[in-house]
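Asks: Please work out how this folds:
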Amino acid sequence: MPERVGIDMSALYREDASFDEIVVLYQFLIDNGQAWHMEGHVGRTASRLIEDGYCTLGPERVKDYWGNIIPAITDVEPGTKGSAEYAAQKEANR
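Replies: Numbers count the residues shown, from 1 in each chain. Now for the predicted structure:
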């Protein structure tokens, strides 16, 4: 599991957390698989951030709390949801 250097876990619950802090935290949680094992809103928010192109899928395939498989970034085609290209395209269109 990656170290939490510079990751502020309180951003999940702080009302004054900036959007950038939240995105960095969620990408960390997605990358290490924790997003899929925390409270339901965390996984739903992670999914939404991936769908909106603010985050990408993590480096490894993981199972969520319910046993559903969350693909790794290498499991999806470039340009499809969860890929770096998809995120870049979404960012360019914002």
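
Asks: where does this structure dip in pLDDT?
Replies: For the chain, the stretches flagged by pLDDT under 70 are 1-5.

Asks: where do the helices sit along it?
Replies: Assigned by DSSP state H, the chain shows helices spanning 19-31, 40-51, 84-92.

Asks: Name the residues of the first one that are buried.
Replies: Buried residues in helix 19-31, counting neighbours by 16 or more other CB atoms under 10 Å, are found at 21-22, 24-31. Where C-beta positions appear, they are placed from N, C-alpha and C, glycine not excepted.

Asks: Tell me, how many residues neighbour the closest residue to Ala72 other than its chain neighbours?
Replies: In space, Ala72 comes closest to Arg61 once its chain neighbours are excluded; the distance is 4.4 Å by CB to CB, 6 or more residues apart in numbering. A count of nearby residues for Arg61, using other CB atoms under 10 Å, gives 14.
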